[in-house]
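J.: Sequence and predicted structure, then a few things I'm wondering about:
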Amino acid sequence: MKSLMMQGTRILATGSAVPDSSLSNDEISKIVETSDDWIVTRTGIKERRLLTGHNKSVIDLAVVASLNALDKISMNPAEIDLIILATSTPNDLFGSASQVQAQIKAFNAVAFDLTAACSGFVLAMVTASQFIRNGTYKNILVIGADVLSKWVDWSDRSTCILFGDGAGAMILQSSIKEDNQLLGFQLNTDGNQSNCLSLVYKEEINSHPILKLHKGYFKYIVMNGKEVYKFAVSQVPLSILKCLNSLNISINDIDWLLLHQANHRILKAVADKLSIDNEKIIMNLNKYGNTSAASIPLAFDEALSQGKFAHNDIIVISGFGAGLTWGTIIVQWKL
């Protein structure tokens, strides 16, 4: 765990993108034994977006979200110094960020992928803020994008009802101390529980006859829902409290709680543990489901477009998921 003050990081703009194709609970009930009432009661999800079409990938969504953010402030892509793409579903295992860089014409930017599943965007924001804090880069494009529909077992009712595809982007810029928006962070990992939520590599039984290599393939998403729920409800509030305490900020000062959009029961349970009014919870998973690294920037962009954030509002952002990883960022919104 590490927590410290971060100086001079400002959120310039946000953007998001979701596929046109949607899949309702009623439609899922034709694939597996379930119902709209069953899914809504247990998850809060009504529908999710799926990326369909030939040769469509996470890059398509990441590009649209990035251009959306750039267009809002009329920024030339050449001004971007660094691109961090948080994704667990790359189009290329060697990395997809460079392809985003090429497509948005941010030719002056260094670009790399960051993999931390549902915590990915939080870790990407923290990583970006450190480059800004030490003066290495001025303008950084942080993207959270995933297409989990490609890795879902559509015969597994415990997972296929949860996940959707999407992307969100945020442009961070170095600024003077008075304009600092990212106040602090707190990060954790527990690899001992990695099997609770995973997408593992499966080796073939037969090895190469000469080289004795065991080649294989990646399987589907596997999740122990009960354990993930227990982990999130117990650890996320602690992370938030540690981060707030390190900044001498009271729970009563929180204006908005933006958690990874995994399950409405988790979101409400975390808020209840912290005695935060449910009206302060930002929630849009009913429309998009769990979009992994995209869920936080997607919800942030939507809340911003709806005019929810007022000057000096304190926004608590927490991501949690596979790894197991979790973390918190405290943002003070500046108009």
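T.: Arrived safely. Numbering: from 1, shown residues only.

J.: Pull the distance from the helix or strand containing Asp71 to the chain's centre.
T.: Applying DSSP states H and E as the criterion places Asp71 in helix 58-72. Here helix 58-72 shows a centroid-to-chain-centroid distance of 15 Å under the convention C-alpha atoms, centre = their mean, to the nearest Å.

J.: any chance you could map the helices in the stretch 151-300 of the chain?
T.: Remark: helices assigned in the stretch 151-300 of the chain by DSSP state H, counting those that start in this stretch are 157-160, 225-246, 264-273, 285-288, 295-305.

J.: Mind listing what's buried along the first one?
T.: When you say that, I think you mean helix 157-160. Using 16 or more other C-beta atoms under 10 Å as the test for burial, helix 157-160 gives Arg157, Thr159, Cys160. For every residue, glycine as well, the C-beta is placed using N, CA and C.

J.: Please apply the same query to the fourth one.
T.: In terms of neighbour count (16+ other C-beta under 10 Å), helix 285-288 has its buried residues at Leu285, Lys287, Tyr288.

J.: Which residue is the nearest non-sequential neighbour of the second one?
T.: Using C-beta to C-beta, 6 or more residues apart in numbering and skipping residues adjacent in sequence, the residue nearest Lys287 is Glu47, 6.3 Å away.

J.: Leu298 too?
T.: Closest to Leu298 by C-beta to C-beta, 6+ apart is Gly168, at 4.1 Å.

J.: what's the neighbour count on the one you found?
T.: Each residue near Gly168 was counted by other C-beta atoms under 10 Å, and the total is 32.

J.: got the contact list for it?
T.: Gly168 makes contacts with 14-17, 65, 121, 143-145, 294-301, as judged by C-beta atoms under 8 Å, 6 or more residues apart in numbering.

J.: Then Gly319?
T.: Cys118, Ser119, Gly120, Phe121, Val122, Leu123, Leu259, His260, Ile296, Thr325, Trp326, Gly327.

J.: make it 6 Å
T.: Cys118, Ser119, Val122, His260, Ile296, Gly327 (C-beta atoms under 6 Å, 6 or more residues apart in numbering).

J.: Also Leu61?
T.: With contacts defined as C-beta under 6 Å, 6+ apart, the neighbours of Leu61 are Ala17, Ala145, Ala167.

J.: Make CSV out of those and add neighbour count and distance to Ile132.
T.: Shown next, in CSV, are the contacts of Leu61 (neighbours: other C-beta atoms under 10 Å; distance: C-beta to C-beta, whole Å):
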residue, neighbour count, distance to Ile132
Ala17, 24, 24
Ala145, 38, 21
Ala167, 35, 22
